[in-house]
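Trainee: 3D, please:
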Amino acid sequence: MNKLVLESAKGVKNGKVTLCFSQIVETGKTGTSILGILNASDDRFNQSKPRYAWLTVQPLDVQKVFGLDVNLAEGEELEIGLVNPKMIGDDRELNIRIIESTKGSDYDVANFETRAKRAGKDGDFILHSGMYIYVKTDIVPGTPSHVMYAETTRLEAGNSASASIANALGL
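Mentor: Numbering: from 1, shown residues only. The predicted model follows:
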């Protein structure tokens, strides 16, 4: 596993804070693009980018669990940069877990154009059994058990407007 970094904290509504974590996650999936395979020796095709997870939490509990003071006003930000944070009294490493699902939250469904999984920022939508895939991340102690679909298809982004709306709404 690559190192988990507790990047920052940001004060949000109701006295809570959002913690931002990052990690380069090895999912065991190998690239199937012939372009990537034929450019394996080109570093531009082999750059692993970190995954991010944001958790909205109580500052008091962050103090208890990590020993960090993140009591921030709404909108206030704190850069942390803590590599491999440990929970007090627990030696297990923390890791990002990736969970793919065809069931999005109300927000995901209403904003599927930006929330559904794509092949690149503005690429084709990635589908499982004809349904959009929504990706959630979480932080877990120990080895993460990723939930990822093996069988996927693509829906061309430019031709998906009406089909996308029906799919996102479950019609």
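Trainee: The residue nearest the centre of the chain: which element?
Mentor: By C-alpha atoms, centre = their mean, the chain has its centre lying nearest to residue 137, at 4.1 Å. Assigned by DSSP states H and E, residue 137 belongs to strand 134-141.
Trainee: again, but for residue 82
Mentor: strand 77-83.
Trainee: And the strands in this protein?
Mentor: 5-11, 17-23, 51-57, 77-83, 94-101, 125-128, 131-132, 134-141, 153-155 (DSSP state E).
Trainee: Can you convert these into TSV and add a column each for distance to residue 114 and mean pLDDT?
Mentor: Heads up, the C-betas are built off the backbone N, CA and C, glycines and all. Formatted as TSV, these follow (distance: least, C-beta to C-beta, whole Å; pLDDT from 0 to 100):
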stretch	distance to residue 114	mean pLDDT
strand 5-11	20	98
strand 17-23	18	98
strand 51-57	15	97
strand 77-83	23	98
strand 94-101	17	96
strand 125-128	11	94
strand 131-132	12	94
strand 134-141	11	96
strand 153-155	15	90
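Trainee: Of these, give the one that comes closest to residue 41.
Mentor: The closest of the strands of the chain to residue 41 is strand 51-57. By C-beta to C-beta, the value is 24.9 Å.
Trainee: Kindly state the domain boundaries assigned to this structure.
Mentor: Domain assignment for the chain, taken from automatic domain parsing, gives 1-91, 97-171.
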